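> sequence-free structure coming up:
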């Protein structure tokens, strides 16, 4: 069974600083994908970044990067140069890539960016 | 290219009534997933459908809940005889194929049962 753990219920960061949101996962499948989604107060789920288990390099998308440490089963999200609009809930999720598989989500981390 | 559409965005029902939630996937996507988010929780998988087929409904309660994705029209999640515990945000996600990595989510339907 898949499991995602996000140990930080909330994080604070000052504008323009970098912040790391932690995510560890557990799966017995060798082929899987890791995702981060952002949920602002308006409620929608916004896809941010994806990392495949066989990808050699850490994924990056603009100010978002994923610090993927396969041996430690961690997939931390790094947001550089935080902006006020980054304040939101952030969810880490994973799915196994063989055939179809549904997403398993962590409980989320609330990020607050202060001026 | 429109994203995943869900309606209504907010739905209020009294206990015992029926709730019907609609989801139109992104253009070209034929795979639909429904998730439920309880307050202060992450999303939990409910059901996975392809056109006219339920592939996996292991996350959906056996009673009162049903889902469909007809050949024409949106996917429907139906909750009969709603109870207060059904109050949650219900999200639909779509992807192009079963092995496509990324599921794209709709804005969700917030159901409140009075």
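The structure has been received and is ready for your questions. Please read these numbers as outputs of a predicted model, since none were measured by experiment. Numbers count the residues shown, from 1 in each chain, chains lettered A, B, ... in the order given.

> how about residue A:37, secondary structure?
strand (DSSP: H, G, I helix; E, B strand; the rest coil).

> what sits against it?
A:45-48, A:90-91, A:93, A:105, B:105 (Cβ atoms under 8 Å, 6 or more residues apart in numbering or on different chains). To be clear about C-beta, it is placed using only N, CA and C from the backbone, and glycine gets the same treatment.

> out of those residues, who's nearest residue B:25?
residue B:105 (10.7 Å; Cβ to Cβ).

> leaving out sequence neighbours, find the closest residue to the closest one.
residue A:45 (3.8 Å; Cβ to Cβ, 6 or more residues apart in numbering or on different chains).

> what's near enough to touch residue B:5?
B:23-24, B:74, B:106.

> narrow the residues you listed to those in strands?
If you go by DSSP state E, these have B:23-24 in strands.

> so is stretch B:24-37 next to chain A?
Yes: using Cβ under 8 Å from any Cβ of the partner chain, stretch B:24-37 reaches chain A at B:31, B:33, B:35.

> neighbour-wise, which one of those leads?
Each of those was scored for neighbours by other Cβ atoms under 10 Å in any protein chain shown, and residue B:33 scores highest at 26 neighbours.

> bridging residues for it?
residue B:48, residue B:93 (DSSP bridges).

> what's near enough to touch it?
A:102-103, B:45-49, B:92-95, B:103 are the contacts of residue B:33 under Cβ under 8 Å, 6+ apart.

> please apply the same query to residue B:66.
B:60, B:77-78, B:80.

> what about 10 Å?
Shown in contact with residue B:66 (Cβ atoms under 10 Å, 6 or more residues apart in numbering or on different chains): B:47, B:54, B:57, B:60, B:76-80.

> what residues are bridge-paired with it?
Applying DSSP bridges, one finds that residue B:66 bridges with residue B:78.

> measure it to residue B:57 for me?
Distance from residue B:66 to residue B:57, counting by Cβ to Cβ, to the nearest Å: 9 Å.

> what is in contact with the two at once?
By Cβ under 10 Å, 6+ apart, the residues touching both residue B:66 and residue B:57 are residue B:47.

> isn't residue A:55 right next to residue A:32, touching?
No: counting by Cβ atoms under 10 Å, residue A:55 does not reach residue A:32; the two are 11.0 Å apart.

> the more surrounded of these two?
residue A:32 (20 against 14).

> confidence score at that one?
If you check residue A:32, the pLDDT there is 92.

> what are the boundaries of the strands in chain B?
B:5-7, B:10-13, B:19-24, B:31-37, B:43-50, B:53-56, B:65-68, B:75-79, B:88-95, B:104-105, B:109-113.

> residue A:64: which of the ones you listed is closest?
Nearest of the strands of chain B to residue A:64, taken as Cβ to Cβ: strand B:104-105 at 16.7 Å.

> around chain B, pick out the residues from chain A.
Residues of chain A found near chain B (Cβ under 10 Å from any Cβ of the partner chain) are A:4, A:6, A:9, A:33-35, A:37, A:39, A:42-47, A:49-52, A:89, A:91-93, A:95, A:97-108, A:110.
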